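Asker: Provided below are the primary sequence and the corresponding predicted coordinates.
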Amino acid sequence: MIRSQSPQHLVLGDMAEFIQYIINGLSQGGTYALIALGYTMVFGILQLINFAHGEVYMLGAFAGYYTSNFVLSHQLNGKINALMNGAADQSTTASAIVTGVCIIVVAMVICALIGFLVERLAYRPLRGAPRINLLITAVGVSLFFQYSGQLLFGSDPKAFPDLFENLEPWTIGSDDNILYIEPLKVFVFATAILLMLILRHVIFNTRLGRAMRAVSFNHDLASLMGIPTDRIIAATFMMGSALAGAAGVMVAMTYPKVEPLMGSMPGLKAFCAAVLGGIGNVTGAVLGSFILGLAEALLSGYGTPTYKDALAFAILILILLFKPSGILGVHRTEKV
Amino acid sequence: MFLRVLSISAILCAGLCPTSSYSQTIKVGEIGSMTGSEATFGISTHQGIELAIKEQNAKGGVKGKKLELINVDNQGKPEEAAIGTTKLITQDKVIAVLGEVASSRSLAMAPIAQKNKIPMISPSSTNPKVTTIGDYIFRVCFIDPFQGEVMAKFAAETLKVKKVAILRDVKSDYSLGLSDYFKAAFVKGGGEIVVDQTYSSGDVDFNSQLTSIRSKKPEVIFIPGYYTEVGLIAKQARKLGIKVPLLGGDGWDSTKLYEIGGKSLNNSYFSNHYSKDDQAPSVQTFVKNYEAAYKATPDGLAAMGYDAALVLIAAMEKTKNLTPKEIRDAIASTKDFSAVTGKISIDDKRNARKPAVDLEVKDGKFLYKSTVSP
């Protein structure tokens, strides 16, 4: 490729391009992290790989889709704005953010309910059964949601309404060295980190968290110690599903396309990211997601985007071969 | 024992034979993506075909028999298109198959229609490979070497640009083919392809490809994909500060394009089979009837579906006994047939030679720019 810029310019331009890939990768990693957090949490407590997690994420996106259409068609966003500022036409960005957060909360509540039902109806009856039964059930639940989603919502992609249409991307630098940062992606990134910190706090510093760790350590013994294990497991599922719901809405806001099969690929990739970071480990899930996001962005930018989807699974195979416990995971000996 | 068998078969024959030996209707099969990420393609095409068949039935059908359309949804998947074709031919016993829009799916259907010697007409698959499968496979649209040339010319002469980037879908035969023909024609005209990037249909994040494209400073980006991805790409491109025009082909033709891409698509152009703003009486009559029937404006794919059905009906009327072989021969001899999207003549490669139109996307509307004849 022949370029007409001066050599010095060329280096700077390339540097800017590289930094833009890093930004793209971190924002993509943020979306994986949101899904991976719920995945890893359920695994950490139950040692169950909940393959239906990607579908809960999809249902969250649809909950957000219908809620935001409802909000927009009844012009509730104007009312929210009025409540906030006392005047209907002030600071539309602030009102858009409040509306967005409300939609996320609604989706989280709906997904928590779905998570509760899934656990109650599909997983709890199998509590004493071998783990493989649970795993197969999880695959079944996942397919159930994918196909009933197609029946219920229709399988054509829907355009997620653009709440932040007037939000211009932030720019740093100028001309060849310009960087573009989307505020929404910064929001996704920050939320992923924030939720990770909250989860860590819940797991390590609260009574609920202590009970969760006890159940994770030894289910039977925990129940002998007077811990209501069924309730703790239900709570874990609800928290994990609420996280998936939040992820669904935030991803749908950044990539405005929702469809019933949208959960399967991100779900699998988030699973790979969680394994890479060390499954069961909350910090590891976020770390693994960012590594995966960066790797994908750099591969697409400098190599060939065709193999982007294969990359996650190549990493999964490598990590399982050489460090099965993941980057931050602790090796646990299998009890027989 | 022998008598019993004989009597049973006699009863069976009495019960079944009348329905199978002379059916009351002429069955025509249709395969389309009624659901999936290219759902508007299937729905528009289906409505176009249905309109043509309804109008014909209102005139008394073909040879005194009503036409019956049997539609199969392939969910946008080539493997489902193949299964559907087998079902239409072996179970429903259709005498002709209409479909598909996407070339990848037409390519999955064609070998089955060819093997069973059932004529197949694709309304709008533009990849040249489709009709090379065999002598029972036809199309009523132009092909991508022509469409690529039209867009290359448009870029060079109307937009007056020299440096173009390509972003193609590696999972689509249509997108790969059209990119290659565009590239060949544009380079031949003295232009330069500064970067040729890829994505896979179903992707939602294109930031890395677009960042790489941005750094090469193209004056135009050619994206010969389907509308769902194109909408997302346009949006992300504008957010990365890429302001240059985007170009595409007939895969953009959907109202969903604007729903997903919004204002990001302003300053974009694509080639299509027809424009509803064409003042020709045949176009305006079609638009009026379609709007009355479906309360929607017909897009190019609806018009192509309508034309494919018209060509098939005209061919059926020319036959003596309505056998698939006769219908095939009649379609092959179609010459200067007046349809909505222009005069259709089927050439010896079973393709139609037809003009294309250039459209500009502006605030959700497709504005007519010019017509290019082959």
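Answerer: That came through fine. If you're wondering where the values come from, they're calculated on a predicted model, not measured in any experiment.
Asker: The nearest residue to A:L184 once chain neighbours are set aside: neighbouring residues, count only.
Answerer: Spatially, and ignoring its direct neighbours in sequence, A:L184 is nearest to A:T254 (5.3 Å; C-beta to C-beta, 6 or more residues apart in numbering or on different chains). Where C-beta positions appear, they are placed from N, C-alpha and C, glycine not excepted. Residues near A:T254, counting by other C-beta atoms under 10 Å in any protein chain shown, number 22.
Asker: With the one 4 residues further on instead?
Answerer: In terms of burial, A:V258 registers 23 neighbours under the definition other C-beta under 10 Å.
Asker: Contacts only, for the residue lying closest to it once chain neighbours are set aside.
Answerer: What sits nearest to A:V258 in space, not counting adjacent residues and going by C-beta to C-beta, 6+ apart, is A:A61, at 4.6 Å. Under the criterion of C-beta atoms under 8 Å, 6 or more residues apart in numbering or on different chains, the contact list for A:A61 reads A:A107, A:F160, A:G248, A:V249, A:V251, A:A252, A:V258, A:M262, A:G263.
Asker: For the first one, give me its contacts.
Answerer: Yep, that's A:A107 we're talking about. A:A107 neighbours (C-beta under 8 Å, 6+ apart): A:G60, A:A61, A:A63, A:G64, A:T67, A:G245, A:A246, A:G248, A:V249.
Asker: What separation is there between the residue nearest to A:L184 and A:F160?
Answerer: 9 Å (C-beta to C-beta, to the nearest Å).
Asker: I'd assumed B:E229 was in a helix, is it?
Answerer: Yes - judged by DSSP: H, G, I helix; E, B strand; the rest coil, B:E229 forms part of a helix.
Asker: can you tell me how far the residue nearest to it when sequence neighbours are not counted sits from A:I279?
Answerer: Using C-beta to C-beta, 6+ apart and skipping the chain neighbours, the partner closest in space to B:E229 is B:S201 (6.0 Å). Counting by C-beta to C-beta, the gap from B:S201 to A:I279 is 31 Å.
Asker: Between the two, which is the more surrounded one?
Answerer: Using other C-beta under 10 Å as the criterion, B:S201 and A:I279 rank with A:I279 on top: 24 against 18.
Asker: rewinding a little: in strands, which of the contacts of A:A61 fall?
Answerer: A:V258 (DSSP state E).
Asker: hang on, the earlier thing: ok, the residue nearest to B:E229 touching B:Y227?
Answerer: No - the pair B:S201 / B:Y227 is not scored as a contact, 11.0 Å apart, by C-beta atoms under 8 Å.
Asker: so where's chain A uncertain?
Answerer: A:1-13, A:76-92, A:166, A:330-336 (pLDDT under 70).
Asker: Next: the stretch 251-374 of chain B.
Answerer: For the stretch 251-374 of chain B (pLDDT under 70), the answer is none.
Asker: where's the residue in it that chain A sits nearest to, which helix or strand?
Answerer: Minimum separation of the stretch 251-374 of chain B from chain A (C-beta to the nearest C-beta) falls at B:E259, amounting to 4.0 Å. Using DSSP states H and E, B:E259 falls within helix B:256-261.
Asker: Check what contacts that helix and list those residues.
Answerer: In contact with helix B:256-261 (C-beta under 8 Å, 6+ apart) are residues A:156-157, A:159, A:256-257, B:40, B:227-228, B:230-232, B:234-235, B:265, B:361, B:364.
Asker: List the buried residues of the helix or strand that contains A:V71.
Answerer: Applying DSSP H and E as the criterion places A:V71 in helix A:53-73. For helix A:53-73, the neighbour count (16 or more other C-beta atoms under 10 Å in any protein chain shown) marks A:53-68, A:71 as buried.
Asker: Repeat that for stretch B:344-361.
Answerer: Buried positions in stretch B:344-361, judged by neighbour count with 16+ other C-beta under 10 Å: B:344, B:346, B:350-352, B:354-361.
Asker: show me the contacts for B:S370.
Answerer: The neighbours of B:S370, taking C-beta under 8 Å, 6+ apart as the test, are B:T158, B:V357, B:D358.
Asker: Show me what the last one is bridged to.
Answerer: B:D358 has the following beta-bridge partners by DSSP bridges: B:S271, B:S370.
Asker: Was I right to think it contacts B:Y269?
Answerer: Yes - contact criterion C-beta under 8 Å: B:D358 and B:Y269 qualify, at 6.0 Å.
Asker: Pull up the overlap in contacts between those two.
Answerer: By C-beta under 8 Å, 6+ apart, the residues touching both B:D358 and B:Y269 are B:F154, B:K369.
Asker: hmm, back to that, which pair of the contacts of A:A107 spans the longest distance?
Answerer: A:T67 and A:A246 (12.8 Å; C-beta to C-beta).
Asker: Enumerate the residues of the stretch 1-150 of chain A near chain B.
Answerer: The interface of the stretch 1-150 of chain A toward chain B, taken as C-beta under 8 Å from any C-beta of the partner chain, is made up of A:M1, A:G13, A:D14, A:E17, A:Q20, A:Y21, A:N24, A:G25, A:S27, A:Q28, A:Q150.
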